[in-house]
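# Here's my sequence, what's the structure:
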Amino acid sequence: MDLVHTLGESAALGAAGVVLWGELKFAQSKNQCILLRDYVHTVLGPFVQSLRSDTKRCGLQLCHGNGRCARRRPGSGHMISSGLALTFNPNEINFLSDSSHGRAFHNHFLCQCYPGWTGQECQEKKNENRENSK
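You can find the predicted model right below:
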């Protein structure tokens, strides 16, 4: 669950990226390097790929591909990833079905528009001339 509370939480809050770090002991021996490589290949890598795919899908569905999703209420616990719980409660985990993604995105997330885009769902291209004349 550490990945859910770190990377998953960052994505749900609309972060554009994350920084990972660790102690030098991860590289102290060949065996430690192999263990780290295996973790990246079997746990971290697949988790990040799934999370990236789901955040991209939310941005496409909710923000017309012109923004990224962020929780409507930052403390709500709603998550973007289909492989994760939609809401996290230590005593209960509810998973999203594929058919409920669009509705969940609209109910629990809003758009942070990329530069040059505006509107509730980032559907409007900003008029640079009008913006500069203000």
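
# Tell me how far stretch 61-75 lies from the chain's centre.
Remark: stretch 61-75 is offset 9 Å from the chain centroid, using Cα atoms, centre = their mean, to the nearest Å.

# which residues in this protein form strands?
Secondary structure of the chain by DSSP state E: the strands cover 67-71, 85-89, 92-95, 109-113, 117-118, 124-125.

# And the pLDDT for residue 112?
The score at residue 112 is 97. That number is its pLDDT.

# Can you name the residues bridging to it?
For residue 112, the beta-bridge partners under DSSP bridges are residue 68.

# measure it to residue 45 for me?
Separation of residue 112 from residue 45 (Cβ to Cβ, to the nearest Å) stands at 26 Å. All C-beta atoms are positioned from the backbone trio N, CA, C, and that covers glycine.

# When these two are compared, which one has more neighbours?
Neighbour tally, residue 112 and residue 45, criterion other Cβ atoms under 10 Å: the higher count belongs to residue 112, 17 against 11.

# For that one, give me its contacts.
For residue 112, the contact set (Cβ atoms under 8 Å, 6 or more residues apart in numbering) comprises 14, 63, 67, 68, 69, 70.

# mind running it again at 6 Å?
Contacts for residue 112 (Cβ atoms under 6 Å, 6 or more residues apart in numbering) come out as 14, 67, 68, 70.

# could I get those as CSV with neighbour count?
Shown next, in CSV, are these (neighbours: other Cβ atoms under 10 Å):
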residue, neighbour count
14, 18
67, 24
68, 22
70, 18
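
# In CSV: those, plus pLDDT and distance to residue 38.
CSV is the format used below for the contacts of residue 112 (pLDDT from 0 to 100; distance: Cβ to Cβ, whole Å):
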residue, pLDDT, distance to residue 38
14, 93, 31
67, 97, 36
68, 96, 31
70, 94, 33
